[in-house]
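K.L.:
The following comprises the amino acid sequence and a computationally predicted model.
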Amino acid sequence: MPQTIFPDIVLSADERRALEGLKRAGRGRADLARRARIILRLAAGASYQDIEGGLGESSRTIGKWKRRFLEARVDGLNGRYRGNTATVLTPRLEARILAWTRTPPTDGSTHWSTRKLAKALKLSSHTFVQRAWQRAGLQPHRLERYMRSTDPDFETKAADVIGLYLDPPQHAAVFAVDEKTAIQALDRLDPVLPLSSGRAERHGFEYHRHGTLSLYAAFNTRTGEVFGQTAPRHTSDDFLAFLTQVVDSQPRQREIHIILDNLATHKTQKVRTFLATHTRVHLHFTPTYSSWLNQVELWFAKIERDVLARGIFTSVADLRRKILRYIRRYNDEPKPIRWAYADPSRRIA
C-alpha cells in the first residue's frame, strides 16, 4: 500500500501567533494546546519520532492533525465530533434555556423538569438547566395561587380595616371575629405510635367521625387575647349569641369595633336590630375574598397546627373541652399580631 506523503508545513506570522496563543492558553482547551504543539514542532522541522518522544503522541495522531491543518489551517484543529454538545453554560445557551422554560412542553405535561428540558435541547447534562434556573430564580415545579377581590370598594374597606390595626380609636376595643366551621371530632381506630429516634409520630389511616362543631373566636387586636365559644352549627342566632357575649365582656361605655367577613349570617335583620340597640358596637366588613385582612384567621391557623390537625377526640364533647382548654392556656400569655406595612400612607389617609 503506497504511503501518503504530506508536504512540509510553512506557517505565516498570523498562524504562528495563533498557534502560540493556543499553546500557552492556561485556561483553554487542553486538546487544542496539544494539537498546536504538534503543528509548531512540525513547522520547526521535527520528525515524527522526535514528536512522539517529546509529546507522547502517536504517529497516527501526528499525521491526523498535520492533514487537518493542511486542509483548513488553524480552524482544522477544532474537533469534528458529530452531534457535539455544549460543555459550558454560555449566555446564549442560558437565554435559550430560559426561553424554552417559559413555553409549555410538547408532550402535554404542564411544566418542564431539568432532565426533560435538557433532553429536548440535546444538552449533555441536566445541570445546565438547573444552573440556569437557579441564576434566574425560576422554579417551574412550584405553583402559587392567589385570590383576586372583585369588591368595587376594596380600597375603602381595606383602608378602614388596616386603620383599625395601625391607629385604633382611643379607649376603644377592636376585635377580629370569625367562625371556624365543621371542625371534625376524629378518633383514630389504631393506636398512635409515638416518635422515636429517626422516626416521626405515626397515626393509623382509619378513623371514626363522632360529629362536628363550629368555633366562634374574637381576637383582641391590642392584647392578643381570644374570646372563644363553640356551637353545634353556625347560624345567625349562634353568631348573635356570641356577639352579645363579646359585647358584655367589655365595660358598658367602651366603644367596640368588630372586624368580620361578608358571611350572610353577619348581615341578617336580627344583627341589624342588635346594632340599632347597641350603638357603641361598630361592624367593619373586609372586602370580598379578602379574609387575609382579618387577623383572627392567623390565630385559626395556629390552633389548627397546635390542636386540631393531629388531635384525637373521642367525642364532640371531648373536642369542645380541648379547644376551650387551649384557649384558656393561650390567654395566659397572649401575643398580639404585629403587621408591617411597606407604605401605610397608600392605604391610610
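P.N.:
Perfect, thanks for sending it.
K.L.:
Buried by neighbour count: which residues of the longest strand along the chain qualify?
P.N.:
Ranked by residue count under DSSP state E, the longest strand found in the chain is strand 173-188. Neighbour-count burial for strand 173-188 flags 173-180, 183-188 (criterion: 16 or more other CB atoms under 10 Å). Backbone N, C-alpha and C define where each C-beta goes, glycine included.
K.L.:
Point out the other helices and strands that the following helix or strand past that strand packs with.
P.N.:
Note on strand 173-188: by DSSP states H and E, the next helix or strand toward the C-terminus is strand 207-220. Contacts defined by 3 or more CB pairs under 8 Å, 6 or more residues apart in numbering; DSSP states H and E place strand 207-220 against strand 173-188, strand 226-231, helix 236-248, helix 296-303, helix 316-330.
K.L.:
any chance of the ones you listed in CSV, plus mean pLDDT?
P.N.:
Below are the helices and strands packed on strand 207-220 laid out as CSV (pLDDT from 0 to 100):
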stretch, mean pLDDT
strand 173-188, 93
strand 226-231, 94
helix 236-248, 92
helix 296-303, 95
helix 316-330, 96
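K.L.:
burial of His210, as a residue count?
P.N.:
By other CB atoms under 10 Å, 16 other residues sit near His210.
K.L.:
er, Phe69 actually
P.N.:
24.
K.L.:
What of Gln130?
P.N.:
16.
K.L.:
now do Pro191
P.N.:
Pro191 - counted by other CB under 10 Å - has 9 other residues nearby.
K.L.:
and what of Ala33?
P.N.:
Ala33: 17 neighbours (other CB under 10 Å).
K.L.:
and what of the one 4 residues further on?
P.N.:
The local packing count at Arg37 equals 18, with neighbours defined by other CB under 10 Å.
K.L.:
quick one: it and Leu55 touch, right?
P.N.:
Yes. At 5.9 Å, Arg37 counts as touching Leu55 under the criterion of CB atoms under 8 Å.
K.L.:
Can you work out which residues contact both of those two?
P.N.:
Residues touching both Arg37 and Leu55 (CB atoms under 8 Å, 6 or more residues apart in numbering): none.
K.L.:
remind me which residues of the protein are low pLDDT?
P.N.:
Counting by pLDDT under 70, the low-confidence segments of the chain come to 1-7, 25-28, 80-87, 341, 343-349.
K.L.:
Distance check, the residue positioned nearest the centre of it against Lys335.
P.N.:
Among the residues of the chain, Arg142 comes closest to the average C-alpha position under CA atoms, centre = their mean, at 6.2 Å. Using CB to CB, to the nearest Å, we find Arg142 at a distance of 31 Å from Lys335.
K.L.:
Run through the neighbouring helices and strands of the one helix or strand Leu283 maps to.
P.N.:
Using DSSP H and E, the element containing Leu283 is strand 281-285. On a contact count with 3+ CB pairs under 8 Å, 6+ apart, strand 281-285 meets helix 154-166, strand 256-260, helix 269-277.
K.L.:
Any chance of the helices and strands packed on strand 207-220 in TSV with distance to Lys157 as columns?
P.N.:
Putting the helices and strands packed on strand 207-220 into TSV (distance: least, CB to CB, whole Å) gives the following:
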stretch	distance to Lys157
strand 173-188	14
strand 226-231	24
helix 236-248	20
helix 296-303	16
helix 316-330	29
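K.L.:
quick one: the helix or strand hosting Ala36 to chain centroid distance?
P.N.:
Under the criterion of DSSP H and E, Ala36 resides in helix 30-43. A distance of 52 Å separates the centroid of the chain from that of helix 30-43, by CA atoms, centre = their mean, to the nearest Å.
K.L.:
got a list of contacts for it?
P.N.:
Against helix 30-43 from outside (CB under 8 Å, 6+ apart): 8-11, 16, 19-20, 22-25, 50-51, 54-55, 57, 61-62, 65-66, 69, 77-79.
K.L.:
May I have the phi/psi pair for Glu57?
P.N.:
Main-chain dihedrals, Glu57, degrees, to the nearest 10: phi -100, psi 150.
K.L.:
How many residues are close by it?
P.N.:
Count around Glu57 with other CB under 10 Å applied: 19.
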